[in-house]
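*Asks:* With the sequence up front, the predicted model follows.
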Amino acid sequence: MTKLQRFGVSVETDLLDKFDEFIRERNYQNRSEALRDLMREALVREQWKEDETIAGAIAFVYDHHHGHLVSHLMDVQHDYFQIIISSQHIHLDHDNCMEIIVAKGPANQIGNLYDAIRSMKGVKHIDLLRSTTGQTL
């Protein structure tokens, strides 16, 4: 088990009141748990900025009847096969599909994959989940 260390933090009363409301709304057991999560989130953001090897997921919805979109999507995924761990294809209805791509690699390559898909005509919505391999947290 990892050793815990205590430290003190001084904050304005109004800020602490807002933070306490924040942790209540999210069902944290205590301030420490909430602070640990916020610290991890900040460290993961830094991993992405520093172009470290990270993990992430790209989820997008598209009209599979739109031109040659499906073919272009496959081409792009083949271009990035080194970082794509998995993909899942979901039929939402007769016209719309969702795809989820899980990737691990340099942050800039995952960002480039995201940008390549986002710029395609027929992609209706796309989002990028920035996460971590967990090795440095």
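*Replies:* Okay, I see it.
*Asks:* Next, the buried residues of the worst-scoring helix or strand of the chain on mean pLDDT.
*Replies:* Sorting the helices and strands of the chain by mean pLDDT, DSSP states H and E puts helix 31-49 at the bottom, at a mean of 90. Within helix 31-49, the residues scored as buried using 16 or more other CB atoms under 10 Å are 34, 44, 47-48. Quick note: C-beta positions are derived from backbone N, CA and C, even for glycine.
*Asks:* Tell me which helix or strand comes right after that helix.
*Replies:* Next along the chain after helix 31-49, taking DSSP states H and E as the criterion, comes strand 53-63.
*Asks:* Check which helices and strands the next helix-or-strand element following that following strand sits against.
*Replies:* Sequence order places helix 69-79 as the next helix or strand after strand 53-63, per DSSP H and E. On a contact count with 3 or more CB pairs under 8 Å, 6 or more residues apart in numbering; DSSP states H and E, helix 69-79 meets strand 53-63, helix 107-118.
*Asks:* now the shortest one: how far from the chain's centre is it?
*Replies:* Distance of strand 53-63 from the chain centroid (CA atoms, centre = their mean, to the nearest Å) equals 8 Å.
*Asks:* show me what contacts residue 2?
*Replies:* Going by CB atoms under 8 Å, 6 or more residues apart in numbering, residue 2 touches no other residue.
*Asks:* Next one, pLDDT for it please.
*Replies:* Predicted confidence (pLDDT) for residue 2: 77.
*Asks:* Residue 75 too?
*Replies:* In this model, residue 75 carries a pLDDT of 96.
*Asks:* re earlier: from the buried residues of helix 31-49, which two are the most distant?
*Replies:* Distances among the buried residues of helix 31-49 were taken as CB to CB; the most separated pair is 34 and 48, at 21.7 Å.
*Asks:* picking up where we left off before, and the least confident helix or strand of the chain with helix 107-118, angle?
*Replies:* For helix 31-49 against helix 107-118, the angle by axes from the mean of the first three to the mean of the last three CA atoms, to 10 degrees is 80 degrees.
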